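1. Quick one: sequence and predicted model below, then my questions.
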Amino acid sequence: MATENVTIFRTVLRIPWHILLVAGVLVTVGAAALYSASEGSWTPWAGKHAVRGAVGAAMVLVLAFVDFRILRIWAYPVYLLSIVVLIVLLGIGGGGGVARWIHIGGFTFQPSEPTKIAVLLALARYFDSQPLDKMRSILTYLPPLVMIAVPFILVVEQPDLGTALALALGSLTLLFVAGLPWRYILVSFIGLVAAVPVLWSQLHPYQKTRVMTFLDPEADKLGAGYQITQSKIALGSGGLFGKGFLMGSQSQLNYLPEKQTDFVFTMIGEEFGLVGNMFILGLYLLLIGSVLGISYRVSSRFAQLTCIGVAMMLFLYVFVNVAMVTGLLPVVGAPLPLISYGGTAMLTVFLGLGVVASAVVHDRPAVE
Amino acid sequence: MSKKVKQKENRRVTGRRTFLLGSGMLLATSFLSGRLYQLQVAQNNRYKRLSDRNQFDRRVVPPRRGRLVDRQARLLAGNAESYLLHITPLYAGDVDKSLAQLASLIELNDEVIGRVREQARKGPSFRPILIRESLTQRELSTLAIRSAYLPGVTFEKSLRRIYPQGALTGHVTGYVSPLTSQEIEENSSLRDLPDLATGKIGIEYALEPKLRGTPGGERVEVNARGRPIRVFRDFEPESGGDVKLALDIGLQQYVTEILRRGQSEPVDMATAAVQRAIAGNRELKLHLASGENMLLRDRIGNITPPESGAVVVMDIRNGEILSMVSSPTYDPNVFTERLLTRDWRRLNEHPRDPLLNRVTAGLYAPGSTFKMVVALAALEAGIINERTSFFCKGSMELGNATFHCWLEDGHGTMNVVRALERSCDVFFYEVALKTGIQRIKAMANKLGLGYVTGIDIPGEKQGIIPHHDWKLATHGVVWTPGETVVASIGQGYVLVTPLQLAVMTARLASGTKAITPSLQTVDGVPEFAELDISPEALRIVHKGMFEVTNGSLGTARAHNLPSRLGGMAGKTGTVQVKRITKEQREAGITKNIERPWKERDHALFVGYAPIKDPRYAVAVVVEHGGSGSSMAAPIAKAALKRALETEGKA
């Protein structure tokens, strides 16, 4: 009994509370932004968002009590399960439709998001179990490429290029940190550039439109370029300190589309200005930095790689979203984690943070 | 050991790479921060402006147009609240669909739908297109309920010009109608007021600058779907000035009625006989199609449309126009909105040109009403005096030509007073030949003929008072004495407007003042120029005009005013439009009423009352009315009687 109590107490102490704190602040900021997005109302978004945040935080705590070694054991099965789910999803949504969502009891759920966690757990598990002296061999990196390619193709087929690219980029980062020799990195980079024309021809018309629109948003001010143009106007008109809470005319008058999801950062920028935006970027850097910091402290390679993967995933979310709303990237439909309304992305982030918590709590110095 | 080294090595590689990764993230984040700085600080002003433009729809607020009222402050032209329906293609998305939806809710004809489509196709998508004006309350509520399902469709309150007196004052008020592209071209500031209505004719045009007012400005906060949220008035529009007209609407109505009736009785339109007459008469149908609601039965039993012509009643003291009737007329209300092709066609098909303001732009030979001019010119020049007489044997020879008097058997010996009383032509032929056209022309000009009167109605005609140089300049040949003879009885080249006749009569009656007409009320007694005509000459002419209505043989002796009203003086005029042809004479058709309307003589009368200290002058022209004494004189008498009786009462 006593030992158990001590264990729980030690676990609680070891939980990375600062990460939870920063995540909590971000969720709170999100709830406030969503409150403003609905013109000063807790419905339909802000209230739900806060509740989901609380549920997410609870999930992190639960995961913190799950032994990290169990996660290691379950890494492959979970990966396989998520692949199966993706395949089933394609089967259901087949026939030309978009197959991104699963509807379960009134909730809609986008499996491609948590797939990111599954892939990075599987990759971490893979590299963890490789012979130590094989890390400079190209052969070591071929199976991971396949492990990434399968879900990537499945998500592209949904079709959801944005998520697929984020998944691929996040996972490839693990190859990089695992020690992929520079010469291969260089070669694959050149290969990628050469492949751009081929990839372009494979894009759906609406995806091409997005890219073209991104390249010249002014050409189609009222069509696809409308979002980018209006987002830039909203951000730009916010200035240094913004127009004030609930005072963003672009958002309040509905010029800004998707202000509760993808363009929430824009709305914050309009109402709180550059200061508000920098504050949020700062919070994310703090969160990502903390997770990266943990990757240095944990002793197991599995934990280390997982933490880096989670940090990268977080970073990609933020970067893609902010670059998109500021007109640096095409509109790909990327949420701002923990702030944007939308359950799946938030769940994925909390899942990632839970994995990190578990890694910290159950870390044991390597056996000498 | 080796494993441990390897492990350490791997960890070091991963650590290094993680550091690189983290640095990359920092770099990328600073890059984003730079972008944010660029948008939010460096280009803040630009985006602020864009946001402002998004948020606010800057609009020019049209001013309230000044009202027109009659001398008793009864409304002649006012503004009624009206709801305009607009569609903005940008917010509507599918304009065709929206129009179809609207057409199922309110009245929209194909003409309108076609026009809106055309405008939507041509114009920029953010510009609202006017669909309908003056929505009814029912239509408004029908649309308001469904407004959420009609994106891009907006209604706004505006003021629509209304003319409560309608056709009765149509020729006075004129009308406003939507801006034309030509007006915008001439005055680019009107570009911001696409829905402004401007005066196109009548007082509305003449007093446009005073009536229009100054537009205000407002900003309308609109959301992304074009729905107005709030309105900020930046500066208030300034209403146009109200204008009080000298017109007496009661008199106007009365005069209109008696002119239109002439000497005939209105018929009951519902009788079978009348309906049969209409069915077989295209002209009658055209009259009825353009809104005519009265038909007459003339002396020989024919169903005819109301009389056409003009009447002017003028205050001699100050030039105020109390009544100004031009028949047929039109309802100015049809012009205030987009004119329907149907209405326009009917106005144009009307056989008697209802759009012509006969008072100011109708040109008529003055006939015998011109004889006062000849008499005055001769008397002043000393060519004749009160006792000078000529013998009228019914005609006068000049060279090879013979000029007839209207009285075939002649008037016998005539002096100027008798010649005016009985309207002897030969007397004036003789006098005119001695006086010469130049003196006659000068006197006509003194009395206001040959010049525009300057009344506040655009398109006024100046008429023609012919003379030597005029003939040479316009016809390239010299003036002949025969033409002086014809001019002496107000025929030939002489052309005047009814308004000029009224001015002439007012000046004659006043004797000292060169009175000019005014449609607006006049404060006090205006400073008119001196008329400068010998009082003795005027006395003699006044006597002649007195005898016209009072003399035992006066041409209008049957239509004098009762003495309690001070009596009246005047002059008849009967103007031959077409000679009676030989065939007609042989067929026994010599009476006007038996001839086709178009060939009948014009009937004229000018007069003033009371005789002592004259107050009102009147001029009457009844187109193809027959004779001045039987058709025009009674109208003039009735108008003067009414004006004197209601003076200070109405």
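-> Yep, that arrived.
2. from here on, contacts and neighbour counts on C-alpha atoms
-> Noted.
3. contacting residues for A:Gly236?
-> A:Gly236 is in contact with A:270, B:39-41, B:43-48, counting by Cα atoms under 8 Å, 6 or more residues apart in numbering or on different chains.
4. Next secondary structure element downstream of the helix or strand where it lies?
-> If you go by DSSP states H and E, A:Gly236 is part of helix A:225-238. Proceeding N to C from helix A:225-238, the next assigned helix or strand is helix A:249-252, under DSSP H and E.
5. Which other helices and strands does that following helix contact?
-> Secondary-structure packing of helix A:249-252 (3 or more Cα pairs under 8 Å, 6 or more residues apart in numbering or on different chains; DSSP states H and E): helix A:17-37, helix A:225-238, helix B:44-55.
6. The second one versus helix B:44-55: what angle between them?
-> Computed by axes from the mean of the first three to the mean of the last three Cα atoms, to 10 degrees, the angle separating helix A:225-238 from helix B:44-55 equals 120 degrees.
7. and what of the first one?
-> Relative orientation of helix A:17-37 with respect to helix B:44-55: 50 degrees, computed using the same axes, to 10 degrees.
8. which other residues reach the helix or strand just after helix A:17-37?
-> Counting by DSSP H and E, the element after helix A:17-37 in chain order, helix or strand, is helix A:46-64. Around helix A:46-64, the neighbours that count as contacts under Cα under 8 Å, 6+ apart are A:11, A:15, A:20, A:24, A:27-28, A:30-35, A:338, A:341-343, A:346-347, A:350-351, A:353-355, A:357-359, A:361.
9. can you confirm B:Tyr83 is in a strand?
-> Yes - applying DSSP: H, G, I helix; E, B strand; the rest coil, one finds B:Tyr83 inside a strand.
10. So it versus chain A, what's the distance?
-> 25 Å (Cα to the nearest Cα, to the nearest Å).
11. How about the residues of chain B by chain A?
-> By the rule Cα under 8 Å from any Cα of the partner chain, the part of chain B lying against chain A is B:3, B:6-7, B:10-11, B:13-15, B:17-18, B:22, B:25-26, B:28-29, B:32-33, B:35-37, B:39-41, B:43-51, B:54-55, B:222-225.
12. Inside helices: which ones of those residues?
-> B:3, B:6-7, B:10-11, B:13-15, B:17-18, B:22, B:25-26, B:28-29, B:32-33, B:35-37, B:44-51, B:54-55 (DSSP state H).
13. and the residues of chain B next to chain A, which are buried?
-> Buried subset of the residues of chain B next to chain A (neighbour count, 16 or more other Cα atoms under 10 Å in any protein chain shown): B:6-7, B:10-11, B:13-15, B:17-18, B:22, B:25, B:29, B:32-33, B:35-37, B:39-41, B:43-45, B:47-48, B:50-51, B:54-55, B:222-225.
14. residues of stretch B:172-180 that come out buried?
-> For stretch B:172-180, using 16+ other Cα under 10 Å, the buried residues are B:172-179.
15. Would you mind putting those into JSON lines with secondary structure, distance to A:Val310 and pLDDT alongside?
-> What follows is the buried residues of stretch B:172-180, written out as JSON lines (DSSP: H, G, I helix; E, B strand; the rest coil; distance: Cα to Cα, whole Å; pLDDT from 0 to 100):
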{"residue": "B:Val172", "secondary structure": "helix", "distance to A:Val310": "85", "pLDDT": "94"}
{"residue": "B:Thr173", "secondary structure": "helix", "distance to A:Val310": "82", "pLDDT": "94"}
{"residue": "B:Gly174", "secondary structure": "coil", "distance to A:Val310": "80", "pLDDT": "93"}
{"residue": "B:Tyr175", "secondary structure": "strand", "distance to A:Val310": "77", "pLDDT": "93"}
{"residue": "B:Val176", "secondary structure": "strand", "distance to A:Val310": "73", "pLDDT": "91"}
{"residue": "B:Ser177", "secondary structure": "strand", "distance to A:Val310": "71", "pLDDT": "87"}
{"residue": "B:Pro178", "secondary structure": "strand", "distance to A:Val310": "67", "pLDDT": "83"}
{"residue": "B:Leu179", "secondary structure": "coil", "distance to A:Val310": "67", "pLDDT": "83"}
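16. Any idea how many residues pack against A:Leu316?
-> 21 (other Cα atoms under 10 Å in any protein chain shown).
17. Am I right that it is in contact with A:Ala166?
-> Yes - between A:Leu316 and A:Ala166 there is a contact at 6.6 Å, judged by Cα atoms under 8 Å.
18. hmm, back to that, so which of the helices and strands packed on helix A:249-252 is the most surrounded?
-> Highest mean neighbour count among the helices and strands packed on helix A:249-252 (mean count of other Cα atoms under 10 Å in any protein chain shown): helix A:225-238, with a mean of 28.
19. Only the C-alpha atoms, please, for that helix, written as CSV.
-> The C-alpha trace of helix A:225-238 is given here as CSV (Å, rounded to 0.1, in the frame of the first residue of the first chain):
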residue,chain,number,x,y,z
GLY,A,225,-7.7,34.3,-52.9
TYR,A,226,-10.4,35.9,-50.8
GLN,A,227,-9.3,34.1,-47.6
ILE,A,228,-5.7,35.0,-47.9
THR,A,229,-6.4,38.6,-48.9
GLN,A,230,-8.9,39.1,-46.1
SER,A,231,-6.6,37.4,-43.6
LYS,A,232,-3.8,39.7,-44.5
ILE,A,233,-6.1,42.7,-44.2
ALA,A,234,-7.2,41.5,-40.8
LEU,A,235,-3.7,40.9,-39.5
GLY,A,236,-2.3,44.0,-41.1
SER,A,237,-5.0,46.3,-39.8
GLY,A,238,-4.4,45.0,-36.3
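20. any chance you could map the helices in the stretch 101-250 of chain A?
-> A:112-128, A:142-156, A:161-178, A:182-202, A:205-215, A:225-238, A:249-252 (DSSP state H, counting those that start in this stretch).
21. which parts of whichever helix or strand comes after the last one are buried?
-> In this case it means helix A:249-252. Once the chain leaves helix A:249-252, the next helix or strand it forms, by DSSP H and E, is helix A:264-297. The neighbour-count check on helix A:264-297 (16+ other Cα under 10 Å) flags A:264-278, A:280-281, A:283-296 as buried.
22. check those against chain B, which are close?
-> By Cα under 8 Å from any Cα, the members of the buried residues of helix A:264-297 lying near chain B are A:273-274, A:278, A:281, A:285, A:289, A:292, A:296.
23. quick one: B:Leu472 and B:Pro466, what's the gap?
-> Using Cα to Cα, to the nearest Å, one gets 10 Å for the distance from B:Leu472 to B:Pro466.
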